[in-house]
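> quick one, fold the following:
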Amino acid sequence: MTADIAPHGAAQEVDELTNKLWNAAMRYLQIGWSIIPLRLSDKKPAIAWREYQERQATEEEVQSWFDNGVPDGQGGFTKLFGLAVVTGHISNLVVADCDNQDALTYAVTEAGLFSLLTVSTTRGQHLYFKHPGGSERVSNKAGGVGTDWPDVAGFDLRGDGGYVVAPPSVKFDKDGKFQHIYTFNCPDEEVENFAASLPVWPGVRSKTAPTRNPVGEWSFDNLNLSAIKSYGQTVWEEASKRVEALGRKLREGDGRNPWMVRYIGECVSSGMDEDQSRVAGQQFQSEFYSPELSKNEFESVLMSVVASDKRNHPEKYAEKEKYNSKNDTRKERANAIRLIKPSNLAQLRRMSGGRQYLIDPFVPPGSIIQVVGFNGHGKSLWLLYMLWAASRGESFGSAHVDAPVKALYLDFEGSSATLSGRIDVCEEMIGEMSDNLTIWNANVADDSMCLNQGGEMVKLASLIEEVKPQIVVLDTVRQAWLGLEENSPHSWVKVNDAAMAIRNAGMTAILVHHRNKPNMQGHGREAGSTMQLKDLDVQIIVTKVVEDIDQAKREAAMPDDATYVTDFYGARCTAWSYLRRSMPADANLKMVFEISFGKLRQATDNHVTTYIGLGQDKATGKWVTVSSLTPKQKAIAMGKHHIDLETICDRTGVSQPTVMAWLKEQRKLEDGNATQ
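As a prediction, this is how the structure comes out:
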């Protein structure tokens, strides 16, 4: 062993590395790869290697390298060297060499290359593929050289007549200090299995820009949702299978950067902007990585993918910029307010038509709302009843309405019998159906509509253009986007895009969604990725309340003992007790629902938990409804009974200025109605 090896480490470390190299060499021979020794100084073959492009070294030859040493390039011999795998027909291998982040991004996103067997190199990744075989020759390529290979620096190819540094070879800098050890993304004992199932080298293919319908002019009469597409979720699914096979999350050496590049590349190609892709990538890490990438490393991957997409698809970004600058309806509605100042506050307030709520406190104008609850807990029932009343200009329980609301309710889930029964109850309990309410039902309509399929958004746009509503309800998300991969963040892009398009056209979008099964403590959150919450203005949670504790456990319901309501006089009682007392004397209370809030972009004193009760007249069977009151409803009711301001504030827990504003607003509304 020559003296030049001394700086590389202590004798024990050298022996350990030599043993690892010997084990790896024997493994590669067993797999069927042709191998050669490399000089540590420059990663060049330590022996004449042309013959090993046509034949594999024998076990005896390899053993002699370790026993007798190989030329060190300085006239001597050394027993410490690196290993290389000869690529091409001889080893049935083709390797894409990505020598930097940009090259890796291009390979995984634009060229569509991905292999589950990769090697972590000094600056990038090696992606392993099977040779296509037959008489086909795969030539070596270097990025930016020649006309038949992408002009991407650091993106190289090693095929027939080439070789790649193989694990566990090490690299030292010019001063003899350790820099890097080449490692596979899987345990050593799994390399043979991975090598047997490599994908065949597909050749380089450049992805073209996805076909997109023109954005068009934004207006209420010409709502264009056709550009909202359906996209696959292959990377999330593949990562899930990989983690399941490993029995653990991805960690250092598992090719984590290529996985992240592929995933963010898929997010970007599906239409996510930089911020959305960042949130999705963070969710991907949380699900599959341990530990997560450092912030700098993650941002490097993100920005590399975004920059690559901009370089390769400039027309997509030009279209987006044109849309943002000329067709953004939010600017149109604000009459292109560049900066908000005291002089144009009145103009800003006119954007909502002078109304802070369409339905107070649940539905602000021009917003995105999610109504969520367990199956059978009454979320669709409560929502339909509330909109039925609102369309007539009437309040429903704790939902206050001061003017009729126009709504389009798209029922993707209910049967015709269920819908018919609910309509009967609405007519009986609230009154006749108003022209301001339009209902589309998937089981009644003459044409189906699956928003998860390309082109189906046009049907939704057509209905919206026909009805011209203030509120659009999609019940439920799971059925409207049938086949939605709920746990994948980027799957929610198409849902969020549709909701944003509706909101940007001046309407409110209400998305009805299911909750996951409750845990041992009885808690359950909305099904799927937290990406669904990104653009929400309001999240409303509907929960069934029952008196029997065992029933509550069976149905994941709220036990009545866990509820409380403060009545008109400040006394505290449970929801069933309060609502039973509120029922007409000749009616029985049948069902109780809790209406609470999750995410709130702008909370007020009136955003509190309330309870709705449904009952039936004992003699006629007619349905009736009662409700606990919001602080605003309590304040108005007490004001009508001439209760002093201090007492109202004490019983509602609201400040005097807020109560005074509520009472003033109510008097103004009543005076306006009196003059009509």
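> only C-alpha atoms for contact and neighbour calcs from this point on.
Fine.
> least confident secondary structure element in this structure?
Ranking every helix and strand in the chain by mean pLDDT, DSSP states H and E puts helix 329-333 at the bottom, with a mean of 42.
> and the residue most central in space within the chain, how far from Gln532?
Central residue of the chain (CA atoms, centre = their mean): Pro489, 1.5 Å from the mean position. Between Pro489 and Gln532 the computed distance is 8 Å (CA to CA, to the nearest Å).
> now do the contacts for the nearest residue to Ser582 once chain neighbours are set aside.
Once flanking residues are discounted, Ser582 sits nearest to Val626: 6.5 Å by CA to CA, 6 or more residues apart in numbering. Neighbouring residues of Val626 by CA atoms under 8 Å, 6 or more residues apart in numbering: 397, 579, 582-583, 612-614.
> so what's Val626 bridging to?
Gly613 (DSSP bridges).
> for the closest residue to Leu663 other than its chain neighbours, which three-state class applies?
Spatial nearest neighbour of Leu663, excluding adjacent residues (CA to CA, 6+ apart): Ile636 at 6.0 Å. Per DSSP: H, G, I helix; E, B strand; the rest coil, the secondary structure class of Ile636 is helix.
> what mean pLDDT does stretch 83-98 get?
On average, the pLDDT along stretch 83-98 is 96.
> an error on my part: the question was meant for stretch 582-601.
For stretch 582-601, the per-residue pLDDT averages 93.
> before we move on, back to that, tally up the residues packed near the residue nearest to Leu663, please.
Ile636 has 22 neighbouring residues, counting by other CA atoms under 10 Å.
> likewise the one 10 residues further on?
Around Glu646 sit 12 other residues, with neighbours defined as other CA under 10 Å.
> got it, and Ser462?
16.
> which SSE is it in?
helix 457-467 (DSSP states H and E).
> buried set for the helix or strand following that helix?
Per DSSP H and E, the first helix or strand lying C-terminal to helix 457-467 is strand 471-475. By neighbour count on 16 or more other CA atoms under 10 Å, the buried set for strand 471-475 is 471-475.
> ok now strand 471-475, how far from the chain's centre?
Taking CA atoms, centre = their mean, to the nearest Å, the mean C-alpha location of strand 471-475 is offset from the chain mean by 21 Å.
> beyond it, next helix or strand please.
For strand 471-475, the following helix or strand on the C-terminal side (DSSP H and E) is helix 477-480.
> centre of the chain to that following helix, how far?
16 Å.
> ok, and what's touching the one helix or strand Ser240 maps to?
Per DSSP H and E, Ser240 falls inside helix 234-246. Contacts to helix 234-246, defined as CA under 8 Å, 6+ apart, come from residues 249-250, 259, 262-263, 266, 284, 288, 488.
> for Lys618, state which of those residues is nearest.
Ser488 (49.4 Å; CA to CA).
> that closest one: neighbour count?
Around Ser488 there are 23 residues (other CA under 10 Å).
> then Cys450?
By other CA under 10 Å, 18 other residues sit near Cys450.
> ok, it touching Arg478?
No - taking CA atoms under 8 Å as the definition, Cys450 is not a contact partner of Arg478, at 10.2 Å.
> low-confidence ranges, the stretch 151-300 of the chain, go.
Counting by pLDDT under 70, the stretch 151-300 of the chain shows low-confidence ranges at 173-176, 205-234, 270-271.
> can you pull out the strands in it?
For the stretch 151-300 of the chain, strands defined by DSSP state E, counting those that start in this stretch occupy the ranges 155-158, 163-166, 170-172, 178-181, 183-184.
> tell me which of these sits nearest to Lys618.
strand 183-184 (74.3 Å).
> pull the distance from that closest one to the chain's centre.
On CA atoms, centre = their mean, the centre of strand 183-184 falls 31 Å from that of its chain.
> adjacent strands (with direction) for it?
strand 118-120 (antiparallel).
> can you tell me how far the residue lying farthest from the centre of the chain sits from Lys664?
In the chain, Gly75 marks the outermost C-alpha relative to the chain mean, sitting 59.5 Å out by CA atoms, centre = their mean. From Gly75 across to Lys664, the span is 98 Å (CA to CA).
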